[in-house]
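1. Okay, predicted coordinates and the sequence, questions at the end:
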Amino acid sequence: MIYTVTFNPSLDYVVHMKTFTAGDINRAEQEMIYPGGKGINVSLVLGNLHIPSKMLGFIAGFTGREIERLAKANGGDTDFIVLDEGCSRINLKVSADDETAVNGMGPHIPEEKLQALLTQIDTLKAGDTLVLAGSISSDIPDDIYEQILKRLQGRGIRVVVDATGDLLKNVIKYKPFLIKPNNFELGELFSVDLHTDEEITVCAKQLQAMGARNVLVSLGGDGALLLGEDGQVYRRQSPNGTLVNSVGAGDSMVAGFLAGFEASKGDLNEALKMGISAGSASAFHEWLATEDDIKEVYAAL
């Protein structure tokens, strides 16, 4: 079973307009409301590919109830911890000349609720996969990812980490199965600007030397590069297409990678191909890619 954790899920309110003018009244021409959060996105795309997973994390208030309702309505299986106070955050996404986002803060998470999540994670079994994705709210210990990987060490559980900065860097020593920085995040870890595949590979190898088993570097419209635990470098370009919405594309890539890895019984090249197919398909559509969307992109690679 695959489990995903979203510490600070959101209700994403997405509006479209031709132009956005700061300091003035802007009227939406189209609007959608989605359940948001990187782990939630991973689970929903996995579900679209007929791979079961369970969403873990925290919800609160009327927005939290709507996040759970929408997740279930889109095929998700949830086991969220309900907070007694506050409301899950609302994130505003404005799609006009450019993409603009205003992300809410999220509710306070008491210590006893955090311990309840850790207790859930402790029930994972050998062969399970845990996906830790996204940022954490300010009142959660900044080493929470590290705490989780330490608890799971030696138990035969695959861990995927899609995070930035110290959240990512501090867990690498626990040998996560997969990490997925983008090229900018990878450069920030080493305080360098990365421009070529060779430069990206050098930094990816440093992360692998530190403990990461597979390093998947997303390159936006240029596809992705994978440094596999077999020592091989795999590289694929994205197919041609029109960017509609970049939100969730990276999460879709993680879901596609896991789906491809499972379907091919561990073929890293196939996992990368499925990852790029799912990530690109989501980027080419209003929201997360369906199975048919992904199959169409896959056929074009």
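-> Ah, there it is.

2. And the strands in the stretch 101-250 of the chain, which stretches?
-> Listed in chain order, the strands found in the stretch 101-250 of the chain under DSSP state E, counting those that start in this stretch are 129-133, 158-162, 178-179, 214-218, 224-227, 233-236.

3. Export the ones you listed to a markdown table and append columns for mean pLDDT and distance to residue 272.
-> From N, CA and C alone the C-beta is placed, and that goes for glycine too. As requested, those are arranged in a markdown table below (pLDDT from 0 to 100; distance: least, C-beta to C-beta, whole Å):
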| stretch | mean pLDDT | distance to residue 272 |
| --- | --- | --- |
| strand 129-133 | 96 | 17 |
| strand 158-162 | 95 | 14 |
| strand 178-179 | 96 | 11 |
| strand 214-218 | 96 | 7 |
| strand 224-227 | 96 | 5 |
| strand 233-236 | 96 | 5 |
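
4. With mean neighbour count as added columns, please give those in a markdown table.
-> Formatted as a markdown table, the entries for the strands of the stretch 101-250 of the chain read as follows, by neighbours: other C-beta atoms under 10 Å:
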| stretch | mean neighbour count |
| --- | --- |
| strand 129-133 | 25 |
| strand 158-162 | 23 |
| strand 178-179 | 25 |
| strand 214-218 | 26 |
| strand 224-227 | 24 |
| strand 233-236 | 17 |
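
5. Would you mark the buried spots in stretch 258-273?
-> When burial is assessed from 16 or more other C-beta atoms under 10 Å, stretch 258-273 yields the following buried residues: 258, 259, 260, 261, 262, 268, 270, 271, 272, 273.

6. So residue 10 versus residue 70, what's the distance?
-> Using C-beta to C-beta, to the nearest Å, we find residue 10 at a distance of 11 Å from residue 70.

7. Tell me the one of the buried residues of stretch 258-273 nearest residue 217?
-> Using C-beta to C-beta, the shortest approach to residue 217 within these belongs to residue 272, at 10.6 Å.

8. is it fair to say that closest one lies in a strand?
-> No: Residue 272: not assigned to a strand; according to DSSP: H, G, I helix; E, B strand; the rest coil it is helix.

9. pLDDT score for it?
-> pLDDT for residue 272: 97.

10. start at 150 instead
-> That works, and once the first residue is 150, the last one we named lands at residue 421.

11. Assess the claim that it and residue 408 are in contact.
-> No: contact criterion C-beta atoms under 8 Å: residue 421 and residue 408 do not qualify, at 11.8 Å.

12. For burial, what's the neighbour tally of residue 247?
-> Burial of residue 247, expressed as a neighbour count using other C-beta atoms under 10 Å, amounts to 7.

13. cool, residue 274 as well?
-> Residue 274: 9 surrounding residues under other C-beta under 10 Å.

14. try residue 185
-> By the other C-beta under 10 Å criterion, the neighbourhood of residue 185 contains 27 residues.

15. Provide a list of residues in contact with it.
-> If you count contacts by C-beta atoms under 8 Å, 6 or more residues apart in numbering, residue 185 has them with 158, 159, 160, 161, 216, 240, 396.

16. In a markdown table: those, plus secondary structure.
-> Formatted as a markdown table, the entries for these read as follows, by three-state DSSP:
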| residue | secondary structure |
| --- | --- |
| 158 | coil |
| 159 | strand |
| 160 | strand |
| 161 | strand |
| 216 | helix |
| 240 | strand |
| 396 | coil |
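
17. which one of the residues you listed has the most neighbours?
-> Within those, most neighbours by other C-beta under 10 Å means residue 216, with 32 neighbours.

18. Do I have it right that that residue meets residue 184?
-> Yes: counting by C-beta under 8 Å, residue 184 is a contact partner of residue 216 at 4.7 Å.

19. joint contacts of these two?
-> Once C-beta under 8 Å, 6+ apart is applied, the residues that residue 216 and residue 184 both contact turn out to be 158, 159, 160.

20. circling back to that earlier point, any common contacting residues for residue 159 and residue 219?
-> Counting by C-beta under 8 Å, 6+ apart, the residues touching both residue 159 and residue 219 are residue 184.

21. Wait, residue 440 touches residue 196, no?
-> No: taking C-beta under 8 Å as the contact criterion, residue 440 and residue 196 are not neighbours in contact, 9.5 Å apart.

22. No further queries at this time; thank you.
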